[in-house]
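S.K.: Quick one, structure for this:
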Amino acid sequence: MLINNRKKEKITYGIVGLGRFGESLALALAESGADLVVIDRDEEKVRKMREYTENAYIVQNLDKKTLYDTGIQNCDVAVVCIGEHLDISILTTLNLVGMGIKRVIAKANGPEHGEILEKLGAEVVFPEKDMAVRLATRLETSRVLDIVNFSEKINISKMYVPDIFVGKNVVDANLRSRFNINIIAVENKGDVLETVTPDYVFRDGDILYLSGSREGLGKLSEWLE
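M.R.: A predicted model of the protein is given here:
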């Protein structure tokens, strides 16, 4: 039997457009060690990104030939971060999908824009809407340290253990029956307990990792207050 010992190949990302969203995304990916191809018409923004990648290009025209010249067709994922010029966003997305890139993600400014991008074969993101929903959830659940929204029904969040639960066990807290929330891990002073049994007794300083709906987290927050 042959065993494949090759390391997992690094994913290469192409970022088209270095506005606030595109630049933030590119910097975050670069800081995580990802390989990048970045494209924008602004010389200063491109020059800044050359501190993180050699493949940063000043491009005035986003037609298919020009995109090919940058090598973005060799990326595993391409993200179109153009929102203010709908025609350019749509044409660029069409060109990238047509190049056969495995995964094309496009920023949309509204439902109609997003619908068009989806029909072209792209995954669509709404940065402003997504951030607003995430902020609203964090405000609604003020005890929550952070939250990741996968859908209305699936959220992963973390919060400090409420004082009322310290010294009690998981069964006593009864979060599943009360709020349809599951405890998936507990962290304390850097140590993470990945399997939380019903008899686990909460300690001061515990950080709880929870999964459940946004509604359930909101009800928990209201109950604690």
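
S.K.: hang on, isn't residue 124 packed against residue 116?
M.R.: No - checked against CB atoms under 8 Å, the pair residue 124 and residue 116 is beyond contact range at 9.3 Å. (Glycine included, C-beta is placed from N, CA and C.)

S.K.: Please name the residues that touch residue 180.
M.R.: 212, 213, 216 (CB atoms under 8 Å, 6 or more residues apart in numbering).

S.K.: Now the helix or strand encompassing the last one - C-alpha only, CSV.
M.R.: Residue 216 is part of helix 214-224, with elements assigned from DSSP states H and E. This file holds the C-alpha atoms of helix 214-224, laid out as CSV (Å, rounded to 0.1, in the frame of the first residue of the first chain):
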residue,chain,number,x,y,z
ARG,A,214,-28.6,33.4,17.1
GLU,A,215,-32.1,33.4,18.7
GLY,A,216,-30.9,31.0,21.3
LEU,A,217,-27.8,33.1,22.1
GLY,A,218,-30.0,36.1,22.4
LYS,A,219,-32.3,34.4,24.9
LEU,A,220,-29.4,33.2,26.9
SER,A,221,-28.1,36.8,27.1
GLU,A,222,-31.5,38.1,28.1
TRP,A,223,-31.8,35.4,30.8
LEU,A,224,-28.4,36.2,32.3
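
S.K.: Domain map for this protein?
M.R.: The chain breaks down into these domains under automatic domain parsing: 12-125, 131-224.

S.K.: which of those is buried the deepest?
M.R.: domain 12-125 (a mean of 18; mean count of other CB atoms under 10 Å).

S.K.: Can you give me the end-to-end span of that domain?
M.R.: One end of domain 12-125 sits 19 Å from the other (CA to CA, to the nearest Å).

S.K.: swap in stretch 65-80?
M.R.: 17 Å.

S.K.: Which of the contacts of residue 180 sits closest to residue 72?
M.R.: Taking CB to CB as the measure, residue 72 lies nearest residue 213 of the contacts of residue 180, at 38.6 Å.

S.K.: And that closest one, how far from residue 181?
M.R.: 8 Å (CB to CB, to the nearest Å).

S.K.: Please enumerate the strands of this protein.
M.R.: With strands called from DSSP state E, the chain shows them at 12-16, 35-40, 56-58, 77-80, 103-107, 123-125, 144-149, 155-160, 182-188, 191-193, 207-212.

S.K.: what lines up beside the last one in the sheet?
M.R.: For strand 207-212, the paired strands and their directions (DSSP bridges) are strand 155-160 (antiparallel), strand 182-188 (antiparallel).

S.K.: Now distance to residue 68 and mean pLDDT too, for those, in a markdown table please.
M.R.: Output for the strands paired with strand 207-212, formatted as a markdown table (distance: least, CB to CB, whole Å; pLDDT from 0 to 100):
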| stretch | distance to residue 68 | mean pLDDT |
| --- | --- | --- |
| strand 155-160 | 39 | 78 |
| strand 182-188 | 45 | 90 |
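
S.K.: Nearest approach to residue 48 belongs to which of those strands?
M.R.: So among the strands paired with strand 207-212, strand 155-160 is nearest, using CB to CB, at 33.1 Å.

S.K.: how far off helix 214-224 does that closest one point, in degrees?
M.R.: Angle, strand 155-160 to helix 214-224, by axes from the mean of the first three to the mean of the last three CA atoms, to 10 degrees: 20 degrees.

S.K.: Need the distance between the two termini of stretch 23-43.
M.R.: 13 Å.
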